[in-house]
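Trainee: fold the stuff below for me.
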Amino acid sequence: MEAIQRAIEEAELMANCKITDVYTGIAGSHIKSINSHGMVKIKDAEVSQLDVDKVIETACAITLPNDQQVLHILTQEYVIDGQEDVRQPLGMSGMKLEVKVHIVTGAIAAAQNIVKCIKRCGLEVSELVLQPLASSMAVLTDDEKELGVCLVDIGGGTTDIAVLRHGSIRHTAVIPIAGDQINNDIAVAFRTPLPSAEEIKIKHGYAARSLASASEQIEIPVVDGKESKTISTLSLAEVIEARLVELYELVAHELKRSGMEDMIASGIVITGGSSLMKGMVNLGESVFRMPVRIGTPRNVGGLSEVVDNPRYSTGIGLLLMGKGQLEKEMMNQIDGNSINQIFMKMKNWFQGNF
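Mentor: Numbering: from 1, shown residues only. Now for the predicted structure:
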């Protein structure tokens, strides 16, 4: 909670404004998702907002476990009298309206704990946002979203997957392997403290052993704190690669299981802090057998040189979501220059804190 308060205070100082509400990311193994379908008769042979609301309500008429709540209802496409891939149905003529949606749910307790923590800092939560959804806004291109792409967001405790096609999310999933597990493997293999393991991974880690060398030696601390020892970057890479291959294979299995394997013509985009390791693309392409790239935040104006780093993907995505909502709500009150000024001040805040 102290970290939240400190971040808010510094952001308010740099942006010269009072922050009252926030967009907050949510992720974890408790996240579940399902694709659903709804259908209604069009009341007056022309689709109205009431028809759209009713068909979405019909699609969302599903039974949830008692410990889960809906986080997102993401529209994939509408169908009017068999005409598929309709994105804006209002005003179109027809007799039958259908909708396909992707419903994301999360544990009620997890959501409540996040909201409580934010409220104790004197803030309101505008929206709890699935982290890979936020990241997708920051790192994916419109062409990738249209042709089909799989975003792999490697966090600390979990790796989040989001498949997008025709501009909409088609599938989401959570893999219980991520950066923390790699850190733990390094700590156990070389008897080094966990905080040191993460630093070693960031500074000296290779995702693919083919890029490392037995002759390149690094000195690392050991758990007793009395001495250090020397290891090769090759031995370090062997530990890292083993865990990453497991992770990539689980992602590939999930894509195959969900039927999404042949829907991602643009390939795989990897983001998150652990994607910074050298060789992530090489290893990814050897496992997935398709194009792989590292996703960094895009289209962030004056912030670009500060946050050109995959570790900021979710944070920038949340900012972009908030910016979009702010522009809608304040279109008649402030001009674009004012919003750009806010982003320039946020740039200075990032520079001062990271």
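
Trainee: which pLDDT value belongs to the spatially closest residue to residue 127 that is not a sequence neighbour?
Mentor: Residue nearest to residue 127 in three dimensions, not counting chain neighbours: residue 23, with 5.4 Å by Cβ to Cβ, 6 or more residues apart in numbering. The way it works is simple: take the backbone N, C-alpha and C, and place the C-beta from them, glycine included. Listed pLDDT for residue 23 reads 93.

Trainee: phi, psi for residue 23 please.
Mentor: Taking degrees, to the nearest 10, you get phi -100, psi 130 for the backbone angles of residue 23.

Trainee: ok, residue 264 next?
Mentor: In terms of degrees, to the nearest 10, the main-chain angles of residue 264 are phi -120, psi 70.

Trainee: kindly report the same for residue 171.
Mentor: Main-chain dihedrals, residue 171, degrees, to the nearest 10: phi -160, psi 140.

Trainee: show me what residue 37 bridges to in the sheet.
Mentor: For residue 37, the beta-bridge partners are residue 100 (DSSP bridges).

Trainee: residue 72 belongs to a strand?
Mentor: Yes: counting by DSSP: H, G, I helix; E, B strand; the rest coil, residue 72 is located in a strand.

Trainee: any idea how many residues pack against it?
Mentor: A count of nearby residues for residue 72, using other Cβ atoms under 10 Å, gives 19.

Trainee: again with residue 13
Mentor: 13.

Trainee: how much space between it and residue 19?
Mentor: For residue 13, the distance to residue 19 equals 11 Å [Cβ to Cβ, to the nearest Å].

Trainee: and the strands in this protein?
Mentor: Ranges of strands within the chain are 21-26, 32-41, 68-80, 83-86, 96-107, 124-130, 149-154, 159-165, 168-175, 217-221, 228-232, 268-271, 292-294, based on DSSP state E.

Trainee: turn those into a markdown table, including distance to residue 249.
Mentor: A markdown table is the format used below for these (distance: least, Cβ to Cβ, whole Å):
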| stretch | distance to residue 249 |
| --- | --- |
| strand 21-26 | 26 |
| strand 32-41 | 21 |
| strand 68-80 | 27 |
| strand 83-86 | 32 |
| strand 96-107 | 25 |
| strand 124-130 | 24 |
| strand 149-154 | 12 |
| strand 159-165 | 12 |
| strand 168-175 | 10 |
| strand 217-221 | 28 |
| strand 228-232 | 26 |
| strand 268-271 | 13 |
| strand 292-294 | 14 |
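
Trainee: so what's residue 217 closest to, chain neighbours aside?
Mentor: residue 230 (5.0 Å).

Trainee: and that neighbour, what is it in contact with?
Mentor: Counting by Cβ atoms under 8 Å, 6 or more residues apart in numbering, residue 230 touches 217-220.

Trainee: list only buried entries from these.
Mentor: Among the contacts of residue 230, those classed as buried by 16 or more other Cβ atoms under 10 Å are residue 220.

Trainee: now distance to residue 293 and pLDDT too, for the contacts of residue 230, in a markdown table please.
Mentor: Below are these laid out as a markdown table (distance: Cβ to Cβ, whole Å; pLDDT from 0 to 100):
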| residue | distance to residue 293 | pLDDT |
| --- | --- | --- |
| 217 | 31 | 96 |
| 218 | 28 | 95 |
| 219 | 33 | 95 |
| 220 | 31 | 95 |
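
Trainee: near the closest residue to residue 220 other than its chain neighbours, how many other residues are there?
Mentor: Among residues not flanking residue 220 along the chain, residue 192 sits closest, at 5.1 Å (Cβ to Cβ, 6+ apart). Residue 192: 21 surrounding residues under other Cβ under 10 Å.

Trainee: quick one, phi/psi of residue 192?
Mentor: phi -120, psi 150.

Trainee: can you pull the buried residues of stretch 40-55?
Mentor: By 16+ other Cβ under 10 Å, the buried positions in stretch 40-55 come out as 40, 42, 47, 51-52, 54-55.

Trainee: could you do stretch 310-321 as well?
Mentor: Quick answer for stretch 310-321 (16+ other Cβ under 10 Å): 310-321.

Trainee: repeat that for stretch 174-184.
Mentor: Using 16+ other Cβ under 10 Å as the test for burial, stretch 174-184 gives 174-175, 177-183.

Trainee: roughly how far apart are residue 81 and residue 96?
Mentor: 6 Å.

Trainee: hmm, I typed the wrong one, I wanted residue 322.
Mentor: For residue 322, the distance to residue 96 (Cβ to Cβ) stands at 37 Å.

Trainee: repeat for residue 11
Mentor: Distance, residue 11 to residue 96, using Cβ to Cβ: 49 Å.

Trainee: now do stretch 271-282: distance from first to last residue.
Mentor: End-to-end distance for stretch 271-282, by Cα to Cα, to the nearest Å: 15 Å.

Trainee: low-confidence ranges in the stretch 201-350 of the chain?
Mentor: Within the stretch 201-350 of the chain, the segments meeting pLDDT under 70 span 299, 301-306, 331-350.

Trainee: which of residue 322 and residue 96 has more residues huddled nearby?
Mentor: Each of residue 322 and residue 96 has its neighbours counted (other Cβ under 10 Å); residue 322 has more, 16 against 13.

Trainee: leaving out sequence neighbours, find the closest residue to the more buried one.
Mentor: Sequence neighbours aside, residue 23 is the residue nearest to residue 322 in space, at 4.9 Å (criterion: Cβ to Cβ, 6+ apart).

Trainee: now for the one you found, how many residues are close by?
Mentor: Neighbour number of residue 23 under other Cβ under 10 Å is 19.
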